[in-house]
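In: give me a 3D structure for the following:
(chains A and B)
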Amino acid sequence: MVVGLIVLIVVIVAVILLILGTGIVIYNSVISLRNKVDNSWHQIDVQLRKRYDLIPNLVETVKGYAAHEKETLEKVISARKLGIDAKTVTDQAKAENMISDTLKSLFAVSERYPNLKADTHFSRLMEQLSGIESNIAYARQFYNDMVMKFNTRIQTFPGNIFAKMFSFTKKDYFEIEDTAARGPVKVEF
Amino acid sequence: MYEHIAKNRAKTVLIIIGFVFFLSLIGYFLGMYFDYRYGMGAAFSVTLMIIALVIAIFASFGSYYFSDRIVLSMTRAKPVSREEDPRLYYMVEGLSIAAGIPMPLIYTIQDQGMNAFATGRNPGKGVIVFTKGLLENLDDEELKGVISHELAHIKNYDILLGTIIVVMVGIVSIIANIMARLLFFGGRGRRSSKGSGGNIIMIVVLIVGVLFIIISPVIAMVIRMAISRNREYLADSTGALISRYPPGLASALKKISSYSEVGSASSATAHLFISNPLGKKSRVMFKSLFNTHPPLKERIERLNEMSLGILTK
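Out: Numbers count the residues shown, from 1 in each chain, chains lettered A, B, ... in the order given. A predicted model of the protein is given here:
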């Protein structure tokens, strides 16, 4: 009788420990995935900041040769400001798409100025820019991979239980608008 | 993938333990041999074993911390600066962001053969080495394929195992060489006065010595098994996941297959390279059995299947 009771208690304790242990492992894996998403967002941020730093320089250089293309230049600057002020992933993605678009029209404009194209400073800036833009694309790829992993984990069993308990929410993808914008902007000299 | 990393770590530990054990054993038998030949006393073999053990432990630590540098100097690789090759730096930087690992250092080998390898002890200390021939002959997409393949090796911790093996096997084969010389060309020393007991020791030492000579090629085979061709396939597919463009690597491998020989590569470092760098030097019997690299044709086919999979999804 007493032996039976002891066995029962041991079994119950063992089951509780097992559930608790599994719970801790799963909880930790969700947290580590969430940190990976945050870290990969930071990677994008680093590259975006590099582009913000480069844009004023680029605008100044273009101004030197094509000052009357004011409208195009101002669009680039306002898109950059939008990107710096963006708070959420979706806003940021929107602003970055806008920057890419305005930069593209800036390149189209610069095509009309042979002197500008011949400027070594300008061509070096363009080279840096295309490097940064392809890095942004790679960082976005890594970020979206991590977001997918995290979202799958908190939507599938048993992660979804924890998602409810600790109110983990789905992370947003860093989307690009049109198919033409996929991949880095190709710059021809 | 995490399973593969864990396996790589376990294999590395196993190889280090095997190495330490092996060297201690050699110390012990060497001591027995000296005792027999020059009458150093029975304690001498134990002393020698302990010395060998200490050396082995130091060598293990040494090869953990320095094997990447040893490999780089063995293959005569030199660092490249960002100013010398900005295109390459941008590609490696971007792809390591996509792989989610720190940017590795970039080295080149002055050789017209097309090849590349990665070394280092962890992703934070990664190094990718390209030959000049590779950089000159591949276009951007192909080069990205090769970079992704090497980044995959770094991410999977293949580099630690592969690099440590170079140094440890090097040490063991040098010792095997010395043992062989000692046995067959050893000078006439003072015979111990132990009589028939000494003969037994002599026979044991002789057997060990002969075993060493037989073992050398076996060691080479063990490396190949530990390294396993599977990790090349795995790095190909992980690499394709990083570059998102399997045809790039497929077309690079096709180009590389025409001329992948690297002058400064040896059988000790061959398993590190993306494609066999020994070329005609390695044509031996049972070639496919002793190969460190899977046939390029098979790798290209698998990559093509992957691209089809991506297109139909």
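In: longest helix of chain A?
Out: If you go by DSSP state H, chain A has its longest helix at helix A:2-65.
In: show me how far it is from its chain's centre.
Out: Averaging C-alpha positions (Cα atoms, centre = their mean, to the nearest Å) puts helix A:2-65 15 Å from its chain's average.
In: now the helix or strand that comes right after that helix: average pLDDT?
Out: Next helix or strand after helix A:2-65 toward the C-terminus (DSSP states H and E): helix A:70-85. Mean per-residue pLDDT for helix A:70-85: 89.
In: list the buried residues in helix A:70-85.
Out: By 16 or more other Cβ atoms under 10 Å in any protein chain shown, the buried positions in helix A:70-85 come out as A:72-73, A:75-76, A:79-80, A:82-83. Quick note: C-beta positions are derived from backbone N, CA and C, even for glycine.
In: and what of stretch B:50-62?
Out: Neighbour counts over stretch B:50-62 (16+ other Cβ under 10 Å) mark B:52-53, B:55-56, B:59-60 as buried.
In: what's the farthest-apart pair in those residues?
Out: The two members of those with the most space between them (Cβ to Cβ) are B:52 and B:60, at 12.4 Å.
In: residue contacts, residue B:160?
Out: Counting by Cβ atoms under 8 Å, 6 or more residues apart in numbering or on different chains, residue B:160 touches B:8-9, B:12, B:120-122.
In: which of these fall in helices?
Out: Per DSSP H, the contacts of residue B:160 map to helices at B:8-9, B:12.
In: which of those lies closest to residue B:237?
Out: For the ones in helices among the contacts of residue B:160, the closest approach to residue B:237 (Cβ to Cβ) belongs to residue B:8, at 16.2 Å.
In: how near is the closest one to residue B:238?
Out: Distance, residue B:8 to residue B:238, using Cβ to Cβ, to the nearest Å: 13 Å.
In: what does residue A:90 give?
Out: Separation of residue A:90 from residue B:238 (Cβ to Cβ): 30 Å.
In: neighbour-wise, which of those two wins?
Out: Shown here are residue A:90 and residue B:238; by other Cβ atoms under 10 Å in any protein chain shown, residue B:238 has more neighbours (21 against 13).
In: isn't the more buried one up against residue B:158?
Out: No - contact between residue B:238 and residue B:158 fails when scored by Cβ atoms under 8 Å: they sit 9.9 Å apart.
In: got the contact list for residue A:56?
Out: By Cβ under 8 Å, 6+ apart, the contact set of residue A:56 is A:77, A:80.
In: up against chain A, what does the stretch 51-200 of chain B have?
Out: B:86, B:90, B:93-95, B:97-100 (Cβ under 8 Å from any Cβ of the partner chain).
In: do the same with the stretch 201-313 of chain B
Out: residue B:244.
In: got a pLDDT number for the residue in the stretch 151-300 of chain B that chain A sits nearest to?
Out: Closest to chain A within the stretch 151-300 of chain B is residue B:244: 6.9 Å, counting by Cβ to the nearest Cβ. pLDDT recorded at residue B:244 is 90.
In: phi, psi of the closest residue to it other than its chain neighbours?
Out: Of all residues not flanking residue B:244 in the chain, residue A:141 sits nearest, at 6.9 Å (Cβ to Cβ, 6 or more residues apart in numbering or on different chains). Main-chain dihedrals, residue A:141, degrees, to the nearest 10: phi -60, psi -50.
In: swap in residue B:269?
Out: The phi/psi pair for residue B:269 (degrees, to the nearest 10) is phi -110, psi 0.
In: related to what we said a few turns ago, out of the residues of the stretch 51-200 of chain B next to chain A, who's nearest residue A:16?
Out: The closest of these, once distances to residue A:16 are taken by Cβ to Cβ, is residue B:100, at 37.2 Å.
In: just the element for the closest residue to that closest one other than its chain neighbours, please.
Out: Here the nearest residue to residue B:100 in space, its sequence neighbours aside, is residue A:142; by Cβ to Cβ, 6+ apart that works out to 5.1 Å. Per DSSP H and E: residue A:142 is located in helix A:120-155.
In: tell me the helix or strand right after that helix.
Out: Sequence-wise, the next helix or strand downstream of helix A:120-155 (DSSP H and E) is helix A:159-165.
In: other SSEs contacting that following helix?
Out: Packing partners of helix A:159-165 (3 or more Cβ pairs under 8 Å, 6 or more residues apart in numbering or on different chains; DSSP states H and E): helix A:2-65, helix A:120-155.
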